[in-house]
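*Asks:* mind folding the following:
(chains A and B)
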Amino acid sequence: MKRAEVKALGRVWVLTGKELNQLRVVLWVGTAVTLVFGLMVPYVYRFVVPMLPSPEMLRGFLGDILRQQLASYRSYLWTNWYGKNLLQNLTVIGIIVGMGAIAGERAKGSLSFLFTLPVSRCAVVAAKAGAASLVLACCTVVPTVAMWAASQSLSGYAVASDFLLGMPLAWAGAVAVTALSMLVSVFTDDLVKAGIGAVGACLLAALPGWFQSTRQFSIFWHMRGMPLLAGAPFPWSSLAPLLAVAAVSLWMTAFAVKRRDF
Amino acid sequence: MKDYALWTEGLRKQFGKTRAVDGIDLQVPHGSIYAFLGPNGAGKTTTIKMLLGLLRPDGGKFGLLDHEGPPDPRTLARIGYVPEIPGLYGFMTTRELVDFCRRLHPAWDHDLVDRYLDLFGLPRDRKVGGFSRGMKSQLALVLALAHRPELLILDEPTTGLDPLARKNFLQTVLAEVAQAGQTVLLSTHLLEDAQRVADTVGIIKSGRLVLQKSMDEIKAGEKKVRVVFQHQPPPWLQEIPGVRGLEQEGSAVVLTVTGDISVVLERVRTVPLFALEVIDLSLEQVFHEYATAPGRS
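*Replies:* Coordinates of the predicted model:
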């Protein structure tokens, strides 16, 4: 690696440190809230589910869902964690982190300070994406591992460690959400508008997942990692599109940041 | 354009139907302190933002130091910038912010930073978010100077400063900068400040550069001639080369003259007079002549 490249990487690292400092509240609150959700999932199964009427007695749509979810403890855990709680929390955290990336700096007036430092705008976008990825990784790994460990500690509710394989998909999906939100945030200096735009972009990304025939085009369907629940090998075909959406969105963000007036 | 630390050629920027900058040609010599003057909304900040790559020009060319076009990171490392409203990171303390900038700048003079922080009396361990506007301006100034930039771009740097801080800035900081041979582009409303420190002046009005001269040229070449004629003033006064304006003040006629005044005096003396007086113009008067008089753009 050339000396100039090492220096450029060093600057991205410095910027990433600044971004992590800026995101520390989101990091702690996001991880703590997701952790609480995570710890609740096994305990709800242990103490609340036995109080529910038997799934066989339930009719209609709700009955179908409950019968699927309660088929085994593993399927309950997977659908409630990767399919619901973690997915929702990571989506919200991803939107919060992404919408503030450029719009937040513009709203606070710090973007002109940042863009007149001796760093390229690509480095700024890379640092923001890197810091967001680290925050999302923490919000994914800590609660998931804690929940898995809590399950191990409940007698009779141990889950095999392959349960943890769902984490990369959830994380990659959250990074894709963040990247989409970052792209939206380039086009406004209003955080509220950036947030609304990001939610709109996520709804569009979720839309194909509502139909059986198009669900493979939805970020959120791939985030759930349902093939893993069914015992299939690791679905690289789910991870790849999630990372591709993230990469393309970040590239477009960097392109827009270079060309826009600030 | 190598003679200039900063230059523009026909630089233009339009926001909707408004021409914010309309083909300006700035020429800031190396080592000069260039006062960039103009009324509110004249296009000063837009021009500066284009120079720094924060806005994309609609036309024209520009260069900073030896780089043509929007500055790349290498050129930005040689430039210091203080915006009108400094957007510093409020979640950092002074020490953290200084450390953050130090790690991004290849050349960083820590002793200079310490000296200026002491000069302005800025606390090192307080969050920047709790600073007043003046304190933020001072800190932005310290950060802009810390890497000893070859070109310093200051957009209304003294607006939020108290009189003592303003004095420190003008007498100590700018004097040191000038002594070190650094070039300064100083955009300001405070004509007194500009007159005190600048050696070159550019006045922008409605997006157009209406005057660009050295301070010496302004002193020598911008005058008023007050004449009291014995009879009616001759009709050809405005046609004398160099006469830019004519006003009636009681019984006297006041001519605003640019350039060689001897031609004007020679012509005026051909008519019977009661009195003739040549008045030197201050920068403030020159500014008013160019920037506020209607129809000069």
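*Asks:* check what pLDDT the residue nearest to A:C139 when sequence neighbours are not counted gets.
*Replies:* In space, and not counting its chain neighbours, A:C139 is closest to A:G30: 4.5 Å by C-beta to C-beta, 6 or more residues apart in numbering or on different chains. Heads up, the C-betas are built off the backbone N, CA and C, glycines and all. Note on A:G30: pLDDT of 97.
*Asks:* for A:G30, identify the helix or strand it belongs to.
*Replies:* Here A:G30 is covered by helix A:24-47, with elements defined by DSSP states H and E.
*Asks:* equivalent analysis for B:G202, please.
*Replies:* When elements are assigned from DSSP H and E, B:G202 belongs to strand B:200-205.
*Asks:* what residues of that strand count as buried?
*Replies:* Counting neighbours by 16 or more other C-beta atoms under 10 Å in any protein chain shown, one finds that the buried residues in strand B:200-205 are B:T200, B:V201, B:G202, B:I203, B:I204, B:K205.
*Asks:* average pLDDT for it?
*Replies:* With pLDDT averaged residue by residue, strand B:200-205 scores 93.
*Asks:* ok, and what's touching the helix or strand just after it?
*Replies:* Under the assignment DSSP H and E, the closest C-terminal helix or strand after strand B:200-205 is strand B:208-214. Identification of contacts with strand B:208-214 by C-beta atoms under 8 Å, 6 or more residues apart in numbering or on different chains yields B:22-27, B:199-204, B:218, B:221, B:286, B:290-291, B:296-297.
*Asks:* same question, stretch B:251-263
*Replies:* Around stretch B:251-263, the neighbours that count as contacts under C-beta under 8 Å, 6+ apart are B:221-229, B:233, B:237, B:240-248, B:264, B:268, B:275, B:278, B:289.
*Asks:* so A:S249 lies in a helix, does it not?
*Replies:* Yes: according to DSSP: H, G, I helix; E, B strand; the rest coil, the state of A:S249 is that of a helix.
*Asks:* for it, give me the pLDDT.
*Replies:* Per-residue confidence for A:S249 comes out at a pLDDT of 96.
*Asks:* and the residue lying closest to it once chain neighbours are set aside, what is it in contact with?
*Replies:* Once its chain neighbours are removed from consideration, A:S249 has its nearest residue in A:A179; the separation is 3.5 Å (C-beta to C-beta, 6+ apart). A:A179 is in contact with A:G98, A:A129, A:V245, A:A246, A:A247, A:S249, A:L250, A:T253, counting by C-beta under 8 Å, 6+ apart.
*Asks:* of those residues - the most surrounded one?
*Replies:* Looking at the contacts of A:A179 with neighbours defined as other C-beta atoms under 10 Å in any protein chain shown, the largest count falls to A:G98 at 33 neighbours.
*Asks:* host element of that residue?
*Replies:* With the criterion set as DSSP H and E, the secondary-structure element containing A:G98 is helix A:86-101.
*Asks:* does any bit of the helix or strand that comes right after that helix sit next to chain B?
*Replies:* Moving toward the C-terminus from helix A:86-101, the first helix or strand encountered (DSSP H and E) is helix A:103-108. Yes: judged by C-beta under 8 Å from any C-beta of the partner chain, helix A:103-108 and chain B are in contact via A:E105, A:K108.
*Asks:* distance from the chain centre to helix A:103-108, please.
*Replies:* If you compare the mean C-alpha spot of helix A:103-108 with that of the full chain, they lie 22 Å apart, counting by C-alpha atoms, centre = their mean, to the nearest Å.
*Asks:* now do that helix: which elements does it pack against?
*Replies:* helix A:191-206 (3 or more C-beta pairs under 8 Å, 6 or more residues apart in numbering or on different chains; DSSP states H and E).
*Asks:* show me which residues of the helix it packs on are buried.
*Replies:* Judged by neighbour count using 16+ other C-beta under 10 Å, the buried positions of helix A:191-206 are A:L191, A:A194, A:G195, A:G197, A:A198, A:V199, A:A201, A:C202, A:A205.
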